[in-house]
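**Q** need coordinates for the below:
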Amino acid sequence: MVAFLQDAAARRDARVIGVVAFAHGTSHFFHLLLPPLFPWLMHDFGLNFTQVGALMSIFFVISGTGQALAGFVVDRLGPRRVLLFGVGSLALSGFTLAVAGNYAMLALAAGLAGLGNSVFHPVDFTILNRRVSQQRLGYAFSAHGLSGNLGWAVAPVFMAGIAALTNWHWAGLGAGLVATSVLAVLIWQRELLDVHDTAAHAAAQTKPAHVTSETFAFLGSSAVWLCFTFFFVTTLSLGVLQIFSPTLLNQLYGLSLAAATSCLTAYFVGGAVGTVGGGFLAARGKSQDRVITAALTVSATCALVIALGVLPGWCVIGLMAVLGMGVGLAGPSRDLLVRQAATAGFGRDAFGRVYGFVYSGLDVGFAIAPLVFGPLMDHGHYSAVLSGVAVLQALAILSALSVGMRARVTRRVAAGAG
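**A** Numbers count the residues shown, from 1 in each chain. Okay, the predicted model is just below:
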């Protein structure tokens, strides 16, 4: 009987993880709704790198602001309705892109995509933390990160492929239909998105000794701010790669646009592979900050080697894959570090707002990246852009070590109090 219950719990966890990961992949797909189409959009509308980069800033400013606010809505209304709203907004953004006839319409499509994207982290991590058994959370976070990387990997091929065969209007329509299909699946499986789980499962989760009921108490936590800083610095560098790497590699190494885009896909595939391995490391180890440090050191080294141009062009695809693998390995450990910050004094009912605020650092980094590095691209300082990526990865390592040190101190204090 015990074995049966354990199997039933595992099956339930797997279904919840699968549905949440499926939705999360759509979020990352829409991160790259516009960048693969930049060559066509720049040609048709006479735009420069700073102007197309500003479209991504619109996306991430709205996403970051919305994400911090969405966490409060999730804690109050529950994640299911918020997630359905988000995916619906993504579908609308694709359809808006399909009929865009000027820059303002492109900005509207970017804004709608950012609004839809804003809900995912507070929704997803609220569901996973409250519905998945604690011993399987490392694997849940791994699957969550893996789906995101797969969404990133599919988007350039999907969007650029359709645009090359037809035009970018049809690519926008295809993206809208993708989100509409995902919305239909989520409505079909909506019971898995309900966080009003069984009392037995709720009791199995560890509760902090002192839980504050103050809505904004988490803003006084230095651990929460350190996590925010880590996300900001990390994505400030990764945003450059996602938005500009095809052009960077084309200019630095003379790669064709197709070959340079393949390098970006290799980066995302490497990230997916790394995320799988990172899930096992996160589930079995306690030194999340050290895993992050080792993984991001590898990524920073790869970025620096690419910037120096000391290797032939055919090596770039391998370096991009390894760079992505390092980022992927760090992902699940990163999410567990955030969970420690979320549960160290604020309780399960604060998951939405803590995750919403901390992960808004992702959007802030992505929003600022094109504004900082777009002018460098316009002036042809391509090596400087990649060198900046390496420096920012090093700063992310320092942030992760600070978070890890604080988490260990908190655990020692809690153990002494016990």
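
**Q** spit out the contact partners of Val385.
**A** Val240, Phe244, Leu248, Ala307, Phe373, Leu376, Met377 (CB atoms under 8 Å, 6 or more residues apart in numbering). From N, CA and C alone the C-beta is placed, and that goes for glycine too.

**Q** ok, so of these, who is nearest Gly361?
**A** For those, the residue nearest Gly361 by CB to CB is Val240; the value is 16.1 Å.

**Q** please, which helix or strand holds that closest one?
**A** Using DSSP states H and E, Val240 sits in helix 222-253.

**Q** what packs against that helix?
**A** On a contact count with 3 or more CB pairs under 8 Å, 6 or more residues apart in numbering; DSSP states H and E, helix 222-253 meets helix 49-77, helix 257-284, helix 288-308, helix 316-343, helix 351-378, helix 382-417.

**Q** out of those helices, which is closest to His43?
**A** For His43, the closest of these is helix 49-77, at 11.0 Å, according to CB to CB.

**Q** average pLDDT for the next helix or strand after the closest one, rounded please.
**A** The first helix or strand that comes after helix 49-77 along the chain, using DSSP H and E, is helix 79-98. The pLDDT scores in helix 79-98 average 93.

**Q** any buried residues in helix 79-98, and which?
**A** Residues 79-80, 82-98 are the ones in helix 79-98 that count as buried (16 or more other CB atoms under 10 Å).

**Q** repeat for stretch 368-377
**A** For stretch 368-377, by 16+ other CB under 10 Å, it's Ile368, Ala369, Pro370, Phe373, Gly374, Leu376, Met377.

**Q** off-centre distance for it?
**A** Centre-to-centre, stretch 368-377 and its host chain are 20 Å apart (CA atoms, centre = their mean, to the nearest Å).

**Q** give me the residues contacting it.
**A** Contacts of stretch 368-377 (CB under 8 Å, 6+ apart): 49-50, 52-54, 56-57, 235-237, 239-240, 243-244, 247-248, 382, 384-385, 388.

**Q** can I get the buried part of those residues as one ChimeraX selection?
**A** Buried members of the contacts of stretch 368-377, defined by 16+ other CB under 10 Å, are picked up in ChimeraX with:
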select :49,50,52,53,54,56,57,235,236,237,239,240,243,244,247,248,382,385,388
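
**Q** if we can go back for a sec, compare the helices and strands packed on helix 222-253 and give me the one nearest Ser142.
**A** helix 257-284 (2.2 Å).

**Q** and the angle from the closest one to helix 222-253?
**A** For helix 257-284 against helix 222-253, the angle by axes from the mean of the first three to the mean of the last three CA atoms, to 10 degrees is 150 degrees.

**Q** from the contact counts, what lies against helix 257-284?
**A** The contact analysis (3+ CB pairs under 8 Å, 6+ apart) places helix 257-284 against helix 137-165, helix 222-253, helix 288-308, helix 316-343.

**Q** buried residues in the longest one?
**A** Residues of helix 222-253 classed as buried: 223-253 (neighbour count, 16+ other CB under 10 Å).

**Q** so how far is it from its chain's centroid?
**A** Taking mean C-alpha positions (CA atoms, centre = their mean), helix 222-253 and its chain are 11 Å apart.

**Q** buried stuff in stretch 132-150?
**A** Of the residues in stretch 132-150, 132-133, 136-150 count as buried by neighbour count, 16+ other CB under 10 Å.

**Q** pull the CA atoms of it into PDB?
**A** Extracted C-alpha coordinates of stretch 132-150, given in PDB (Å, rounded to 0.1, in the frame of the first residue of the first chain):
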ATOM      1  CA  VAL A 132       5.500  18.800  -6.100                       C
ATOM      2  CA  SER A 133       7.000  16.700  -3.300                       C
ATOM      3  CA  GLN A 134      10.100  18.300  -1.800                       C
ATOM      4  CA  GLN A 135      12.400  15.400  -2.700                       C
ATOM      5  CA  ARG A 136      11.500  15.900  -6.400                       C
ATOM      6  CA  LEU A 137      11.900  19.700  -6.500                       C
ATOM      7  CA  GLY A 138      15.400  19.500  -8.000                       C
ATOM      8  CA  TYR A 139      14.100  17.500 -10.900                       C
ATOM      9  CA  ALA A 140      11.100  19.800 -11.200                       C
ATOM     10  CA  PHE A 141      13.300  22.800 -11.500                       C
ATOM     11  CA  SER A 142      15.500  20.900 -14.000                       C
ATOM     12  CA  ALA A 143      12.500  20.100 -16.200                       C
ATOM     13  CA  HIS A 144      11.300  23.700 -15.900                       C
ATOM     14  CA  GLY A 145      14.700  25.100 -17.000                       C
ATOM     15  CA  LEU A 146      15.000  22.400 -19.800                       C
ATOM     16  CA  SER A 147      11.600  23.400 -21.300                       C
ATOM     17  CA  GLY A 148      12.700  27.000 -21.300                       C
ATOM     18  CA  ASN A 149      15.900  26.200 -23.200                       C
ATOM     19  CA  LEU A 150      14.000  24.100 -25.700                       C
END
